[in-house]
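Participant: Sequence first, predicted model second:
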Amino acid sequence: MGVDKTWTYHKRDLAIYSGIRFLSEAATLAQSVAIGWTVYNLAGAPLALGVAGVVQFVPMFLLTLPAGELCDRHSPRKVLAVGLALEGVCAIGFLWLAATPSVGLSPFYAVLLILGIARAFTEPASQALLPYLVPPERVPGAIAWGSTAWQVAVIAGPPLGGLAYEFGPAIAYGACCTGFFAAMLAVAMLHGQELALVESPELRDRIARVIEGVTFIWSQPIVLGAISLDLCAVLLGGATALLPIYARDILHVGPVGLGLLRAAPAVGACAVALAQAHHPPDRRIGLKLFAAVAIFGAVTLVFAFSTSFALSLVALTILGASDMVSVNIRSTLVQMATPDVMRGRISAVNMLFVAASSELGAFESGITAALLGTVPAVAFGGVGAVLIVAIWMGAFPSLRRADRLSSIAP
């Protein structure tokens, strides 16, 4: 009877956690559609979209690892709540800017800088919190359900953001603000396992603990190979930053079309996540990871040359499906290989790699598009992602040979 009651609490926490993932990510993606359209309209240049990415990456690069160490010394739920509150404040800032006539790009970049600070705390805290909400044997399934909630948000958020922007940018930013603060309140409803936290007040001790997390990743070839593969492939192959250009100048579909383009990858990803929630990948996970990233690069190449809105949506849907296979395998590898006392720091390293691939990828795409043009820039990224797969298969043989997730242990 006690076990049943305990599992009831676990299910409740997992449901709340999934709701937090949905609300925060839907607000983030809806807001990104509004920001992308606003920035490109104000600047009219691809490089401005790249700058928007790197402005967010700089604080994430500087603060994500310290934030992970903070999660290991304090409750990840407290760090997550503070980060979500700051994201809500940023949404208020965008709302104010949207209501201010003749505003330039600099204020938007300033708020984006603060948003990068907030995300530096929310992302590792969110990842580190999940294993304390469910029993260890249920972590792979819980990750898949959390990914499903995240992907449903990625499906719903961008179209809602684009639709709300049609009624005015203030409506879009106001809705995002509501989502962030609602997610923050939901964090207070979580229970889960109490953490055995370590206090280390000395700065040099904290730095040493951060270095310990990086060293741990470096000592695990399978984990290092998986997260660096994602970093390099998405860094080169990501076309998301240039979607405002495709929506306005190539496909001519407006902000609503931009929202649909941003949502298309999540349609395929959500289908894969739902399938993996019931049937997590088991055998030959290394080869499946490499195959998924290769498909990611190939469909990026298809999208690059597409002038059909329908074909572009199909290509992005397949792109999202392949990406979700790699995301779930990588996330599970990291969680299964990480000791409890290092979850915050390892999650921070993982999220730093993800942030680098997304935000620096946006900067790389902006620069390449400015030099070569939008279509060649995306095509170059797709070819680069496929080449990365070939290189990584040779550089990380242990990852290539990895068979069962159940065999991975701290």
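Facilitator: Ah, there it is.
Participant: so I143 is in which element?
Facilitator: In this structure, I143 sits in helix 139-166 according to DSSP states H and E.
Participant: quick one: buried residues of the following helix or strand past that helix?
Facilitator: Heading C-terminal from helix 139-166, the first helix or strand you meet, by DSSP H and E, is helix 169-187. Neighbour counts using 16 or more other C-beta atoms under 10 Å place 169-177, 179-184, 186-187 of helix 169-187 among the buried residues. Yep, even glycine has a C-beta here, placed from its N, CA and C like the rest.
Participant: What of stretch 370-385?
Facilitator: Applying a neighbour-count criterion of 16+ other C-beta under 10 Å, one finds 370, 374-375, 377-385 buried in stretch 370-385.
Participant: Could you export the residues you listed to a markdown table, including columns for secondary structure and distance to F216?
Facilitator: A markdown table is the format used below for the buried residues of stretch 370-385 (DSSP: H, G, I helix; E, B strand; the rest coil; distance: C-beta to C-beta, whole Å):
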| residue | secondary structure | distance to F216 |
| --- | --- | --- |
| A370 | helix | 39 |
| T374 | helix | 40 |
| V375 | helix | 41 |
| A377 | helix | 36 |
| V378 | helix | 35 |
| A379 | helix | 37 |
| F380 | helix | 34 |
| G381 | helix | 31 |
| G382 | helix | 33 |
| V383 | helix | 33 |
| G384 | helix | 29 |
| A385 | helix | 27 |
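Participant: between those, which is nearest V253?
Facilitator: T374 (15.0 Å; C-beta to C-beta).
Participant: tell me the contacts of the closest one?
Facilitator: 46, 242, 245-246, 249-250 (C-beta atoms under 8 Å, 6 or more residues apart in numbering).
Participant: Those: which two are farthest apart?
Facilitator: Taking C-beta to C-beta, no two of these sit farther apart than P46 and I250, at 11.9 Å.
Participant: higher neighbour count, the two?
Facilitator: Neighbours were tallied for P46 and for I250 using other C-beta atoms under 10 Å; the higher tally belongs to P46 (24 against 16).
Participant: quick one, the helix with the most length in the chain and helix 139-166 angle?
Facilitator: Longest helix in the chain, counting residues (DSSP state H): helix 2-43. Inter-element angle recorded for helix 2-43 and helix 139-166: 30 degrees (by axes from the mean of the first three to the mean of the last three C-alpha atoms, to 10 degrees).
Participant: And for F167, the neighbour number?
Facilitator: Neighbour count of F167, defined by other C-beta under 10 Å: 9.
Participant: any idea how far it is from L160?
Facilitator: 11 Å (C-beta to C-beta, to the nearest Å).
Participant: Could you do V51 as well?
Facilitator: Distance from V51 to L160, by C-beta to C-beta: 26 Å.
Participant: okay, and for the stretch 301-410 of the chain, where does confidence drop off?
Facilitator: 335-337, 339-360, 404-410 (pLDDT under 70).
Participant: any idea where the helices of it begin and end?
Facilitator: Using DSSP state H, counting those that start in this stretch, the helices of the stretch 301-410 of the chain run over 309-337, 343-355, 361-372, 374-395, 397-401.
Participant: Kindly reformat these as a markdown table containing distance to A67.
Facilitator: As requested, the helices of the stretch 301-410 of the chain are arranged in a markdown table below (distance: least, C-beta to C-beta, whole Å):
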| stretch | distance to A67 |
| --- | --- |
| helix 309-337 | 16 |
| helix 343-355 | 6 |
| helix 361-372 | 21 |
| helix 374-395 | 28 |
| helix 397-401 | 27 |
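Participant: Just say which of those helices is most tucked in.
Facilitator: Stretch with highest mean neighbour count among these: helix 343-355 (a mean of 26; mean count of other C-beta atoms under 10 Å).
Participant: Wait, G104 touches A43, no?
Facilitator: No - here G104 does not reach A43: they are 9.6 Å apart, not a contact under C-beta atoms under 8 Å.
Participant: okay, those two: which has more neighbours?
Facilitator: Just comparing G104 and A43: by other C-beta under 10 Å the higher neighbour count belongs to A43, 16 against 10.
Participant: Kindly tell me how buried the residue nearest to that one when sequence neighbours are not counted is, as a neighbour count.
Facilitator: Ranked by C-beta to C-beta, 6 or more residues apart in numbering and with sequence neighbours excluded, the top spatial neighbour of A43 is L105, at 6.0 Å. A count of neighbours around L105, defined by other C-beta under 10 Å, yields 15.
Participant: measure L105 to A233 for me?
Facilitator: Distance of L105 to A233, given as C-beta to C-beta: 30 Å.
Participant: do the same with V152
Facilitator: From V152 across to A233, the span is 24 Å (C-beta to C-beta).
Participant: cool, and I171?
Facilitator: Distance from I171 to A233, counting by C-beta to C-beta: 36 Å.
Participant: and the next element down the chain from the lowest-mean-pLDDT helix or strand in the chain?
Facilitator: Lowest by mean pLDDT, DSSP states H and E among the helices and strands of the chain is helix 203-218, with a mean of 64. Once the chain leaves helix 203-218, the next helix or strand it forms, by DSSP H and E, is helix 221-237.
Participant: ok, V33 to F94 distance?
Facilitator: In this view, V33 and F94 are 12 Å apart by C-beta to C-beta.
Participant: now do A34
Facilitator: Separation of A34 from F94 (C-beta to C-beta) stands at 7 Å.
Participant: For those two, list the residues in contact with both.
Facilitator: Between them, A34 and F94 share the contacting residues 169, 173, 176, judged by C-beta under 8 Å, 6+ apart.
Participant: nearest to Y17, of those residues?
Facilitator: C176 (20.3 Å).
Participant: mind listing what's buried in the helix or strand hosting Y109?
Facilitator: Y109 belongs to helix 105-129 when elements are defined using DSSP H and E. Going by neighbour count (16+ other C-beta under 10 Å), the buried part of helix 105-129 is 108-109, 111-112, 114-129.
Participant: list the helices and strands it packs on?
Facilitator: helix 2-43, helix 46-73, helix 76-98, helix 343-355 (3 or more C-beta pairs under 8 Å, 6 or more residues apart in numbering; DSSP states H and E).
Participant: of all these, which lies closest to A266?
Facilitator: helix 2-43 (8.5 Å).
Participant: Wait, I367 touches L49, no?
Facilitator: No - counting by C-beta under 8 Å, I367 stays clear of L49, with 10.4 Å between them.
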